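Q: What follows is a predicted structure for the sequence shown.
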Amino acid sequence: MSIRRLPEHLVNRIAAGEVVERPASALKELVENAIDAGATRIAVKLAGGGTDLIEVTDDGCGMSPPEMALALERHATSKLPDDEIDQVTTLGFRGEALPSIASVARMTLESRVRGAEGWSRVVDNGALVSEGPAALPPGTRVRVEALFGRVPARRKFLRSPRAEYAASLDVMKRLAMARPDIAFSVEHDGRRALQVQGGETGPERVAGLTDRALAENSVAVDFEREGITLGGVAGLPTFNRGVADHQYLFVNGRPVKDRLLIGALRGAYAEMLARDRHPVVALFLDVPPDQVDVNVHPAKTEVRFRDPALVRGMIVSGLRRALDDAGHRSAQRPSEAALGMWTSETNVPVAPAPQLWDAGPGLAPAPQYHPAPTYSYASVQDRRPSFSAPPPLARAEPAVEPVPQSVQHPLGVARGQVARTYIVAEAEDGLVLVDQHAAHERLVLERMRRAMSEGGVASQGLLVPEVVELDEPGCDRLEARAAELSEFGLDLERFGPRAMLVRAVPAALGKGDVHALVTDLADELASFDEALSLKEKLDHVAATMACHGSVRAGRVLSVAEMNALLREMEVTPHSGQCNHGRPTWVKLAHGDIEKLFGRK
């Protein structure tokens, strides 16, 4: 077979395969061009997730008609003032985005330089259709319609419009974080989905585009070493999420997804987070252009550093120093009810009211105790005068049965609690230590599994439905799976563009954190394949729910509660490890204890 030169339209389609993988890729290239053009306002319109329409309008410098014609040719760019390819200071320079997009869609390019008339060029799948004068303010407007409309082999591999829209919105969030001085707006199917004003600070922009609570649950990062600067915001370890999608990394203002940076981030939080939790961070790394290669990936999402060890060490050191300065700060605040118990009308110290554990099926309720009468029980809602003795908190309960003998049970009987986290039990052949959170997490998961096999998980209606605010893609994912989630006992419905209304939760979870549960489920669904049902991902969904419904570390348990937990563990399969693979209990045999004291 002889060698031949490929025709121009086929060359452009091959280039499109490298640069334009999906609507989000095309949107990224167009918005980066607008940023490089010096725009202060960028407006984006999408339809059908970007497959039907992508329109990007900016107020940048604009292009003259000859420049517009040149911009639609391959390897033409204004972003390299000279031939120093290793001194790239713009977001892009390859010169392939516009002709590549125009070869697989219908593109209308309109632009106007200040003080001149506007001009328009229309290219339909690589062929020039028309050109002529256009009326528009100074700047550029690019309209891309029917992306991959004539390339069915590419179009059929696109995901649903909702999924493509979620990817496009994520691209816009990352670009908007990189440039807080620029105003951005995004409309999808005629509805405003994102809007931020220019002139914001970096932390303000990051908090506005991620989670509004991040502003008060994060630390500022400011670190410099050998000409490299690291800035941004890092969430406290207690302010974490269930997936790593909330980590935003930038190199010289360019959003990247680099394995070196992700690994360094994981190392910085290694001793402060569980393996299944991920921090919320936005890090901005400024590196001299000759120290980083930004052209190792066609879409410029990966970079290569000349000294990767220096960069990794700098990220780990900078993050740990910032987190160390946070001291004892934590994102977990006590509930309003708990705070109210510390409010008194007198100067007498106030003791918190006893908390009863909703133990769930198979676990005995905690006995109730009355504190000494010298304390006040006035709360924010009930400001009655203090009495010498508090009124009864509940009806009298029968006395609990005597503690059974340890010989009767493999895990023994509870003798106490250490650090409000570990149950100490005495067995016939040794000492047993139980992680109460890990153990109960497994028990709740196994209950949900049994309930699913028997037709569905029982739900418990909320007296007052709870509103959980999320980003729009997260709400879309939950709404699409609402019917399946109801089989798990979670009753959700859409409550506006960016909120979900929770009417019922799985009964097995008891009094869990509904907001954290729904937020983590939205994150989990983002990593699922749309073709898979939740039943096929039973362990992931049920484990997420079980984690939020289990007894937390730091909870004081009565002896009756601890023994009830031990008895259920003995009859529950897989109770020896939690949902994340960690052991739930360990045993020190009598011989091991004797060795510790030199008796053997």
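A: Now that the structure is in, tell me what you want to look at.
Q: And the lowest mean pLDDT element among the helices and strands of the chain?
A: Ranking every helix and strand in the chain by mean pLDDT, DSSP states H and E puts helix 336-340 at the bottom, with a mean of 43.
Q: which is the next helix or strand following it?
A: With elements assigned by DSSP states H and E, the helix or strand that comes after helix 336-340 is strand 413-418.
Q: Give me the angle between the helix or strand following that next one and strand 413-418.
A: Of the helices and strands lying after strand 413-418 in sequence (DSSP H and E), the nearest is strand 422-427. Angle, strand 422-427 to strand 413-418, by axes from the mean of the first three to the mean of the last three Cα atoms, to 10 degrees: 150 degrees.
Q: And strand 422-427, what's buried?
A: By 16 or more other Cβ atoms under 10 Å, the buried positions in strand 422-427 come out as 422-423, 425-427. Placement of C-beta: from N, CA and C, glycine included.
Q: Turn these into TSV, including pLDDT and distance to Arg114.
A: Below are the buried residues of strand 422-427 laid out as TSV (pLDDT from 0 to 100; distance: Cβ to Cβ, whole Å):
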residue	pLDDT	distance to Arg114
Tyr422	91	70
Ile423	92	74
Ala425	91	79
Glu426	90	84
Ala427	88	83
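Q: which stretches of the stretch 351-500 of the chain aren't confidently modelled?
A: Across the stretch 351-500 of the chain, the ranges flagged by pLDDT under 70 are 351-407.
Q: Adding distance to Gly49, write the buried residues of strand 422-427 out as JSON lines.
A: Listed next are the buried residues of strand 422-427 as JSON lines, based on distance: Cβ to Cβ, whole Å:
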{"residue": "Tyr422", "distance to Gly49": "49"}
{"residue": "Ile423", "distance to Gly49": "51"}
{"residue": "Ala425", "distance to Gly49": "55"}
{"residue": "Glu426", "distance to Gly49": "61"}
{"residue": "Ala427", "distance to Gly49": "59"}
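Q: Can you tell me which of these is nearest Ala482?
A: Ala482 has its nearest neighbour among those in Ile423, at 37.9 Å by Cβ to Cβ.
Q: What's opposite the closest one in the beta bridge?
A: Beta-bridge pairing of Ile423 under DSSP bridges involves Gln417, Val434.
Q: That one reaches Val434, doesn't it?
A: Yes. Assessed by Cβ atoms under 8 Å, Ile423 is found in contact with Val434 at 4.1 Å.
Q: Overlap of the contact sets of the two?
A: Counting by Cβ atoms under 8 Å, 6 or more residues apart in numbering, the contacts common to Ile423 and Val434 are 565-566.
Q: Skip the chain neighbours and tell me the closest residue to the residue sitting nearest the centre point of the chain.
A: Residue closest to the mean C-alpha point of the chain, counted by Cα atoms, centre = their mean, is His246 at 4.1 Å. Leaving aside its sequence neighbours, His246 sits nearest to Val280 (Cβ to Cβ, 6 or more residues apart in numbering; 4.5 Å).
Q: for the one you found, what are its contacts?
A: Residues in contact with Val280 (Cβ under 8 Å, 6+ apart) are 210-211, 214, 218, 235, 239-241, 246-247.
Q: May I have the phi/psi pair for it?
A: Dihedral pair for Val280: phi -110, psi 110, per degrees, to the nearest 10.
Q: So which other helices or strands are in contact with the longest strand seen in the chain?
A: Identified as the longest strand of the chain according to DSSP state E is strand 459-469. Counting contacts by 3 or more Cβ pairs under 8 Å, 6 or more residues apart in numbering; DSSP states H and E, strand 459-469 packs against strand 499-506, helix 514-526.
Q: Can you say which of these is nearest to Ala438?
A: helix 514-526 (17.3 Å).
Q: Give the other helices and strands that that closest one contacts.
A: Using 3+ Cβ pairs under 8 Å, 6+ apart, helix 514-526 is in contact with strand 240-241, strand 459-469, helix 472-480, strand 499-506, helix 538-549.
Q: So which of those is nearest Val122?
A: In terms of Cβ to Cβ, the element of the helices and strands packed on helix 514-526 nearest to Val122 is helix 472-480, at 31.9 Å.
Q: I'd like the next helix or strand past the closest one.
A: Downstream of helix 472-480 (by DSSP H and E), the next one is helix 482-487.
Q: which residues touch whichever helix or strand comes after that next one?
A: Once the chain leaves helix 482-487, the next helix or strand it forms, by DSSP H and E, is strand 491-494. For strand 491-494, contacts defined as Cβ under 8 Å, 6+ apart pick out 459, 461, 475, 478-479, 482, 485-486, 500-505, 518.
Q: how about the helices in the stretch 201-350 of the chain?
A: 202-209, 259-268, 308-325, 336-340 (DSSP state H, counting those that start in this stretch).
Q: so where's the stretch 201-350 of the chain uncertain?
A: 271, 275, 295-300, 326-350.
Q: cutoff 50 now
A: 332-350 (pLDDT under 50).
Q: Pretty sure Glu55 sits in a strand.
A: Yes. According to DSSP: H, G, I helix; E, B strand; the rest coil, Glu55 belongs to a strand.
Q: What sits closest to it if chain neighbours are left out?
A: Lys45 (4.1 Å).
Q: Look at the one you found and say how many residues are nearby.
A: 18 (other Cβ atoms under 10 Å).
Q: before we move on, what about Pro203?
A: Neighbour number of Pro203 under other Cβ under 10 Å is 17.
Q: again, but for the one 4 residues further on
A: Residue neighbour count, defined by other Cβ under 10 Å, stands at 21 for Ala207.
Q: do Asp325 as well
A: Neighbour count of Asp325, defined by other Cβ under 10 Å: 10.
Q: what's the spacing between it and Arg154?
A: Noted for Asp325: a distance of 49 Å to Arg154, by Cβ to Cβ, to the nearest Å.
Q: same question, Tyr422
A: As judged by Cβ to Cβ, Tyr422 and Arg154 stand 56 Å apart.
Q: Which residue ranges of the stretch 1-150 of the chain form strands?
A: Applying DSSP state E, counting those that start in this stretch to the stretch 1-150 of the chain gives strands spanning 41-47, 53-58, 106-112, 118-124, 127-134, 139-145.
Q: got the contact list for the residue nearest to Gly50 when sequence neighbours are not counted?
A: Spatial nearest neighbour of Gly50, excluding adjacent residues (Cβ to Cβ, 6+ apart): Pro23 at 2.7 Å. Under the criterion of Cβ under 8 Å, 6+ apart, the contact list for Pro23 reads 46, 49-51, 54, 147, 158, 164, 167-168.
Q: Verify the stated contact: Asp471 with Arg498.
A: Yes. The criterion here is Cβ under 8 Å, and Asp471 meets it with Arg498 at 6.4 Å.
Q: Ramachandran coordinates for Phe148?
A: Main-chain dihedrals, Phe148, degrees, to the nearest 10: phi 60, psi 20.
Q: so what pLDDT did it get?
A: Note on Phe148: pLDDT of 90.
Q: got it, and Glu67?
A: If you check Glu67, the pLDDT there is 90.
Q: same deal with Arg155?
A: Looking at Arg155, its pLDDT reads 86.
Q: I'd say Ile54 and Val31 touch.
A: No. Contact between Ile54 and Val31 fails when scored by Cβ under 8 Å: they sit 9.8 Å apart.
Q: What is the burial count for Arg420?
A: Look at Arg420: counted by other Cβ under 10 Å, it has 12 neighbours.
Q: How much space separates it from Met107?
A: 63 Å.
Q: cool, Pro99 as well?
A: Computed as Cβ to Cβ, the Pro99 to Met107 distance reads 9 Å.
Q: can you check Met63 too?
A: For Met63, the distance to Met107 - Cβ to Cβ - is 14 Å.
Q: Settle it for me: which of these two has more neighbours?
A: Between Met63 and Met107, counted using other Cβ under 10 Å, Met107 has the larger neighbour count: 26 against 22.
Q: if I pick the more buried one, what's in contact with it?
A: Contact analysis of Met107 by Cβ under 8 Å, 6+ apart lists 98, 101, 122-124, 142-145.
Q: Cool, thanks, signing off.
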